[in-house]
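Asks: The following comprises the amino acid sequence and a computationally predicted model.
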Amino acid sequence: MFREIRRKRQLLSLKDCAAILERGTSGVLALSGDNGYPYAVPLSYVYEQGKLYFHSAKSGHKLDAIRRCAKASFCVIDQDQIVPREYTTYFRSVIAFGCVHILEDDAEKRSAIEVLARKYAPEDNDENRAAAIDREWKPLCMLEMTVEHLSGKEAIELVKLKKP
């Protein structure tokens, strides 16, 4: 169903892909947008147990696209080191494919926003976190992407650096 990577030596393990998603702070969600145009939007996220969570307003292009077609991809760039003398970049990135749905159940929505809030404000206490979530609760929409396929790749130069 999903294409295999051509340059197999550059393929990251699923463990490495998951680690990139866990430490990353932003990525680009790609959806089928209006009039057949792709719609790619940068978002903050959290990755937990094979799912990606995003926060959103309750209306807009992103939600319209998801309602039309839940299939999506999400790309996170872990490294992008420009190496001018070689006319290249030493990159490492991951792409997740799956379906996105809007969390309608308040308990699921609350759990998802709490996980996201802990990621971006890990030093805050539970009371402050809860108050911040409560302030923003009414206009808040939470999205969940179930990852069906995960693929990562790194520059061949980084692969060669790993070899003893």
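Replies: Good, I have the coordinates.
Asks: Now do the lowest-mean-pLDDT helix or strand in the chain: which elements does it pack against?
Replies: Counting by mean pLDDT, DSSP states H and E, the weakest-scoring helix or strand in the chain turns out to be helix 156-162, with a mean of 78. Packed against helix 156-162 by the contact rule (3 or more CB pairs under 8 Å, 6 or more residues apart in numbering; DSSP states H and E) you find strand 88-102. C-beta coordinates here come from the backbone N, C-alpha and C atoms, glycine included.
Asks: Tell me the helices and strands packed up against the strand it packs on.
Replies: helix 14-23, strand 51-56, helix 61-68, strand 71-83, strand 141-154, helix 156-162.
Asks: who wins for proximity to A117 among the ones you listed?
Replies: Proximity to A117, assessed across those by CB to CB, is greatest for strand 51-56 (9.2 Å).
Asks: tell me the angle of that closest one relative to helix 61-68?
Replies: Here strand 51-56 points in a direction 130 degrees away from that of helix 61-68 (axes from the mean of the first three to the mean of the last three CA atoms, to 10 degrees).
Asks: can I get the helices and strands packed on strand 88-102 in CSV with mean neighbour count?
Replies: Output for these, formatted as CSV (neighbours: other CB atoms under 10 Å):
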stretch, mean neighbour count
helix 14-23, 16
strand 51-56, 20
helix 61-68, 16
strand 71-83, 16
strand 141-154, 19
helix 156-162, 12
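Asks: Leaving out sequence neighbours, find the closest residue to E86.
Replies: Distance criterion CB to CB, 6 or more residues apart in numbering; nearest residue to E86, sequence neighbours excluded, is E157 at 7.7 Å.
Asks: need the contact list for the one you found.
Replies: Contact analysis of E157 by CB atoms under 8 Å, 6 or more residues apart in numbering lists 83, 86, 88, 90.
Asks: Which ChimeraX command selects the buried ones in these?
Replies: Applying 16 or more other CB atoms under 10 Å to the contacts of E157 leaves a buried subset, and the ChimeraX line that selects it is:
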select :90
